[in-house]
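1. need coordinates for the following:
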Amino acid sequence: MQNKQIDHVHGVPYSVPRERSRWPSLGLALAMHLGLLFFLWIGVQWQSTEPVAVEAEVWDLKVQTAAPPPEVATEPEPQPAPPPTPAVAEPAPPPPPPPPVAAPEPKVDLREAEIALERKKAKLKEEKAAEDARKKQEQQDREETKREQDKQKQKEKEKADKLEKEKADKLEKAKQAKDKELAQEKAEAQAQKDQEQKEQAEKKAAAEKAAKAKKAAEQKAADKARADEMSRITGAVGTGTTGTAAKATAPRMDSGYVAAITTKIKSNIAYSGSTDVPGAPRAVYKIEQLPTGEIISVRKIKSSGLPAYDNAVENAIKKSSPLPKKKDGTVEREIEAVFDMKDLPK
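-> The predicted model follows:
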């Protein structure tokens, strides 16, 4: 069963009116929104400009309260209109409240503002001077701290240098003591070496002296033997001819020349056999030489009966080349030399 709405005013059934076209209502809504956006933009632009505020310090015995900053009037945002309802009359919107009236700005005395400004500048100057004095004091404190640190470092450095110097002095003294000890040991060793060298030199001098004495004795014995030989062989060397006369008519040979040749040859005889043999073994050799004294031939004329002795004499003759010369520098072409075993040194 379907219920019908009844109009109680007129007493007749309520009927839904016919729906009209929606375009007028849409246009009105769009116009209302555009208007609302416009008013919002105006309000934002108007509120973006801040009022200029002037601050001043007023020095007076009376306590005054600063005026409050001016209030900025703000327009209340309009509410969006509700969509129209069909056949219902809406009441007219209330008018917007009037904007608040800004309070009048208080009048400022320029003279007092200048005085306050000068005082503020003086205060800032004093604060700056105090800040500069504080910075200067801090700088001085830093410099003083740095000087103290440098002084402490210098003391530590001097102390370290002193310790290093003492250490170096100790090392130097130890080195000097060691060098002195080494020098003393070296001097003692050198003295001992010199003493040994001196003893060796004395022994050597004594040996040389003994050798010289022995050589002098041998030379004396050789001279005596040479004299005896000269007295014995002068006639044999000078008379070595094949003539029948009782005496030779040829000139006699220089006895000193013959003795010099015989002595040199005898000094080169190296005979290791025994000289204590019966009889008087004698070897006779004929020697031919050049004008320079060089021996060119050695011929045995008479053997001593001892081959070893004969060979020793022959080797000594060859070893004695060149033979000594006469005082005038000449030599005899041929010489017969006689070598007795008894004349050998014992």
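2. what ranges do the strands span in this protein?
-> Applying DSSP state E to the chain gives strands spanning 6-7, 12-13, 282-289, 295-302, 334-340.
3. among those, which is nearest residue 273?
-> When the strands of the chain are compared by Cβ to Cβ, strand 282-289 sits nearest residue 273, at 13.2 Å. Yep, even glycine has a C-beta here, placed from its N, CA and C like the rest.
4. packing partners of the closest one?
-> strand 295-302, helix 307-319, strand 334-340 (3 or more Cβ pairs under 8 Å, 6 or more residues apart in numbering; DSSP states H and E).
5. so which of these is the most surrounded?
-> strand 334-340 (a mean of 19; mean count of other Cβ atoms under 10 Å).
6. could you pull up the mean pLDDT of it?
-> Strand 334-340 shows a mean pLDDT of 87.
7. parallel or antiparallel, list what pairs with it.
-> Sheet pairing of strand 334-340 (DSSP bridges) gives strand 282-289 (antiparallel).
8. which residues touch the strand it pairs with?
-> 295-304, 309-310, 313-314, 317, 321-323, 331-341 (Cβ atoms under 8 Å, 6 or more residues apart in numbering).
9. where does pLDDT dip in this protein?
-> Along the chain, the model assigns pLDDT under 70 to residues 1-20, 47-109, 218-219, 221-253, 345-346.
10. what about the helices in it?
-> Ranges of helices in the chain, per DSSP state H, are 23-47, 110-238, 255-267, 307-319.
11. packing partners of the third one?
-> Yep, that's helix 255-267 we're talking about. In terms of contacts (3+ Cβ pairs under 8 Å, 6+ apart), helix 255-267 is packed against helix 110-238, helix 307-319, strand 334-340.
12. go through these and name the closest to residue 256.
-> Of all these, helix 110-238 comes closest under Cβ to Cβ, at 7.9 Å.
13. between that closest one and strand 282-289, how many degrees?
-> Using axes from the mean of the first three to the mean of the last three Cα atoms, to 10 degrees, the direction of helix 110-238 lies 110 degrees away from that of strand 282-289.
14. got the phi/psi numbers for residue 279?
-> phi 80, psi -160 (degrees, to the nearest 10).
15. give the burial count for the closest residue to it other than its chain neighbours, as a bare number.
-> Distance criterion Cβ to Cβ, 6 or more residues apart in numbering; nearest residue to residue 279, sequence neighbours excluded, is residue 305 at 7.8 Å. The tally of other residues near residue 305 (other Cβ atoms under 10 Å) stands at 13.
16. how close does residue 305 sit to residue 344?
-> Using Cβ to Cβ, to the nearest Å, residue 305 is found at 15 Å from residue 344.
17. same question, residue 124
-> Going from residue 124 to residue 344 by Cβ to Cβ gives 141 Å.
18. in this structure residue 318 contacts residue 296, no?
-> No - using Cβ atoms under 8 Å, residue 318 is not in contact with residue 296, being 10.8 Å away.
19. domain ranges for the chain?
-> 19-105, 253-343 (automatic domain parsing).
20. ok, residue 269 - contacts?
-> Contacts of residue 269 by Cβ under 8 Å, 6+ apart are 312, 313, 316, 339, 344.
21. what pairs with the nearest residue to residue 299 once chain neighbours are set aside across the strands?
-> Leaving out its chain neighbours, the residue that sits closest to residue 299 by Cβ to Cβ, 6+ apart is residue 286, at 4.7 Å. Beta-bridge pairing of residue 286 under DSSP bridges involves residue 299, residue 336.
22. tell me, how many residues neighbour residue 24?
-> Neighbours of residue 24 (other Cβ under 10 Å): 10.
23. measure it to residue 147 for me?
-> In terms of Cβ to Cβ, residue 24 sits 95 Å off from residue 147.
24. cool, residue 21 as well?
-> Going from residue 21 to residue 147 by Cβ to Cβ gives 100 Å.
25. what's the answer for residue 206, then?
-> The gap separating residue 206 from residue 147 is 85 Å, by Cβ to Cβ.
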